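Undergrad: Quick one, structure for this:
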Amino acid sequence: MTSISDSFQTLRDRQQCALIPFITAGDPNLETTAEALRILDRNGADFIELGVPYSDPLADGPVIQAAATRALQKGTKLEQVLEMLHTEIPRLKAPIILFTYYNPILYRGIKSFLAQISAAGVQGLVVPDLPLEEAEELIQTAASFGIEVILLVAPTSSRDRIEAIARQSQGFIYLVSVTGVTGVRAQIQDRVKYLITDLQSITDKPIGVGFGISGPEQAHQVREWGADAVIVGSAFVKRLAEGSPTEGLQAVEKLCQELKTAITESQRESPSLQEVR
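TA: Okay, here's the model as predicted:
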């Protein structure tokens, strides 16, 4: 399988911005999750971020919290999610990035956890409550399994901390566009443009922007500001939860197509990444 870093390099060579949808595993059920992965993969997702339901998701807003609660009430467990991924990942072009909190990793043991997700075919890992100061062991062990640990940069991070995160993050850097939790927002703050510029002056690693992007117009804007990836979560989770599973899947498909069109149109209008950098 192609690594996340290599996939981003291919996208850069083609002057393309990545689309990274997020959904919560097990909401409304794992069968629907599997079908959603296939739909996203067919409709323009370059990577897919899959959230493991957790009882105390501190970084998540009300939409994703509610999805995690519903999934847990259905009895969704990590082992079931990985069993589903073991079947589905060979069918997908888009690499899977697992989003989980640190406690389930510690509970299973770092090496054991990484062995499990690697066996399922997972290629990336986001752990939002993992402090940079405690990340080294996870990053180094993950590398031995071919898994890239993606670190988050907050809008409030100091320059020294941003530089340290940029050095350690693997695959790409996850730029949080807002101060607070995930969720659908009416607009993306202009300061994101300057955060992207600052990061580009520090590192040549790809930059993905997430938290708060809810529609094509915002995705288009973030791409024009120079992001290498647009990450959309709550908007997908909300649509998947509305109506029947079939209706939810249709809504997810439509949104994915709209977002892909928005960032593709932006690519045609904007200077190439090589010119920007």
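Undergrad: Make sure residue 40 is actually in contact with residue 249.
TA: No. Residue 40 lies out of contact with residue 249 (C-beta atoms under 8 Å); the separation is 9.9 Å. (C-beta placed from N, C-alpha, C; glycine too.)
Undergrad: The two: which is more packed in?
TA: A side-by-side neighbour count of residue 40 and residue 249, using other C-beta atoms under 10 Å, places residue 40 first with 26 against 19.
Undergrad: Contacts for the particular helix or strand that has that one in it next, please.
TA: If you go by DSSP states H and E, residue 40 is part of helix 30-42. Residues outside helix 30-42 that contact it (C-beta atoms under 8 Å, 6 or more residues apart in numbering) are 21, 23-27, 48, 50, 76, 80-81, 84, 87-88, 91-94, 96, 240, 245, 248-249, 252-253, 256.
Undergrad: Residue 208: which element?
TA: Residue 208 belongs to strand 207-210, assigned by DSSP H and E.
Undergrad: Against which helices or strands is that strand packed?
TA: Applying 3 or more C-beta pairs under 8 Å, 6 or more residues apart in numbering; DSSP states H and E, one finds that strand 207-210 contacts strand 18-24, strand 173-176, helix 191-202, strand 229-232.
Undergrad: can you tell me the average pLDDT over the helix or strand just after the last one?
TA: On the C-terminal side of strand 229-232, the nearest following helix or strand under DSSP H and E is helix 234-241. In this model, helix 234-241 has an average pLDDT of 95.
Undergrad: hmm, who's touching the helix or strand that helix 234-241 is followed by?
TA: Heading C-terminal from helix 234-241, the first helix or strand you meet, by DSSP H and E, is helix 245-269. Helix 245-269 has contacts (C-beta under 8 Å, 6+ apart) with 15-17, 19, 21, 23, 28-29, 32, 35-36, 39-40, 43-45, 215-217, 219-220, 223-224, 230, 232, 235-236, 239-243.
Undergrad: Just the buried ones from the residues you listed?
TA: 16-17, 19, 21, 23, 28-29, 32, 35-36, 39-40, 43-45, 215-216, 219-220, 223, 230, 232, 235-236, 239-241 (16 or more other C-beta atoms under 10 Å).
Undergrad: which residues are contacting stretch 199-211?
TA: Counting by C-beta under 8 Å, 6+ apart, 8, 12, 18, 20, 22, 150, 153, 159, 162-163, 166-167, 169, 171-178, 180-183, 192, 196, 222, 226-233, 276-277 sit against stretch 199-211.
Undergrad: So what's the gap between it and the chain middle?
TA: Averaging C-alpha positions (C-alpha atoms, centre = their mean, to the nearest Å) puts stretch 199-211 14 Å from its chain's average.
Undergrad: And it, what's buried?
TA: 199-200, 203, 205-211.
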